[in-house]
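Asker: Here's a sequence, model it:
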Amino acid sequence: MDRNYQIIKRPLITEKTTMIAENNTYAFEVLKDADKVEVKNAIEAIFNVKVEKVNILNQSGKTKRFRGKPGKRNDVKKAYVRLQEGQALDLTAGL
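Answerer: Numbering: from 1, shown residues only. Okay, the predicted model is just below:
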């Protein structure tokens, strides 16, 4: 399998990401060891678009209670990708 498809785990489709999509910015969950350059190259190769900027954040998992016992959600690495003017992604279409 191509590494590009391993780097990009899934698109994040939430209320917040739908609102920022109006500004040509999209959010993806990525591999923990991926960097900005790898994410940019993967998005450009998979979706055939030009990326202007990539911001990455590491989100720590929350400590919650599961069935009365303390537990922890998984840590997640997110990438916010801004496309160049005139570019767009249709995340609802199948890959």
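Asker: what about the residue nearest the centre of the chain, which SS state?
Answerer: Centroid check for the chain by Cα atoms, centre = their mean gives Phe28 as the closest residue, at 1.0 Å. Assigned with DSSP: H, G, I helix; E, B strand; the rest coil, Phe28 falls in the strand class.
Asker: Next one: it relative to Arg3, how far apart?
Answerer: Phe28 sits 15 Å away from Arg3, going by Cβ to Cβ, to the nearest Å. For the C-beta atoms, the positions are set from N, CA and C on the backbone; glycine is no exception.
Asker: before we move on, what about Asp75?
Answerer: 21 Å.
Asker: which intervals of this structure have sub-threshold pLDDT?
Answerer: 1, 92-95 (pLDDT under 70).
Asker: where exactly do the strands run in it?
Answerer: In the chain, the segments counted as strands under DSSP state E are 8-11, 25-30, 51-59, 63-66, 69-72, 76-83.
Asker: Format these as JSON lines; extra columns: distance to Thr18.
Answerer: Output for the strands of the chain, formatted as JSON lines (distance: least, Cβ to Cβ, whole Å):
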{"stretch": "strand 8-11", "distance to Thr18": "11"}
{"stretch": "strand 25-30", "distance to Thr18": "10"}
{"stretch": "strand 51-59", "distance to Thr18": "18"}
{"stretch": "strand 63-66", "distance to Thr18": "25"}
{"stretch": "strand 69-72", "distance to Thr18": "28"}
{"stretch": "strand 76-83", "distance to Thr18": "13"}
